[in-house]
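Enquirer: sequence and predicted structure, then a few things I'm wondering about:
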Amino acid sequence: MRLEHRLGKLLLLTVAISSGVLGIGVGLITFSTFGAHQVSQSYCVLPSNVSVTSSSCIRVETVAQPLQGPYAEWGPIGGVLILLGAVGIPVLIILAGLFSFVHLKKRSSKSDSRRTGTYG
């Protein structure tokens, strides 16, 4: 099998694995929202001594708590996988490019030495 064909397969495998990692990460984040509920609290910021429902409240601030549910712990794992896939795709493509460059350079130097009759 030719080297260029093997490198193409390596690059395709790299992209496929990284895409799979991204897909699993997105799936875990989506899975973590099933059955979850959002808890939020609203406060009157300006002026601070009135309630949110008061007509004299000028500015309301709402603070949302993280999702709470039976699968909420899967969300951070999915986030790590997405980060791993997002960083891994460019790194693995760069490594595959360097690998192909080095091996194609070695191959071309061997074919040059065969033509000139010098080895080494």
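Expert: On my side now, so go ahead. None of these values were measured; they are calculated from a predicted model.
Enquirer: tell me how far the helix or strand hosting residue 16 lies from the chain's centre.
Expert: Using DSSP states H and E, residue 16 sits in helix 3-31. Taking CA atoms, centre = their mean, to the nearest Å, one finds the center of helix 3-31 at 11 Å from the center of the full chain.
Enquirer: domain assignment for the protein?
Expert: Per the record, the chain has its domains at 1-34+74-108, 36-69, by automatic domain parsing.
Enquirer: which of those has the lowest mean pLDDT?
Expert: Looking at those, the lowest mean pLDDT belongs to domain 1-34+74-108 (a mean of 83).
Enquirer: that one: how far from the chain's middle?
Expert: That offset, for domain 1-34+74-108, works out to 10 Å (CA atoms, centre = their mean).
Enquirer: please identify the deepest-packed of the domains of the chain.
Expert: domain 1-34+74-108 (a mean of 14; mean count of other CB atoms under 10 Å). Every residue, glycine included, has its C-beta placed from N, CA and C.
Enquirer: could you pull out the helices for this protein?
Expert: When secondary structure is read from DSSP state H, the chain shows helices at 3-31, 74-116.
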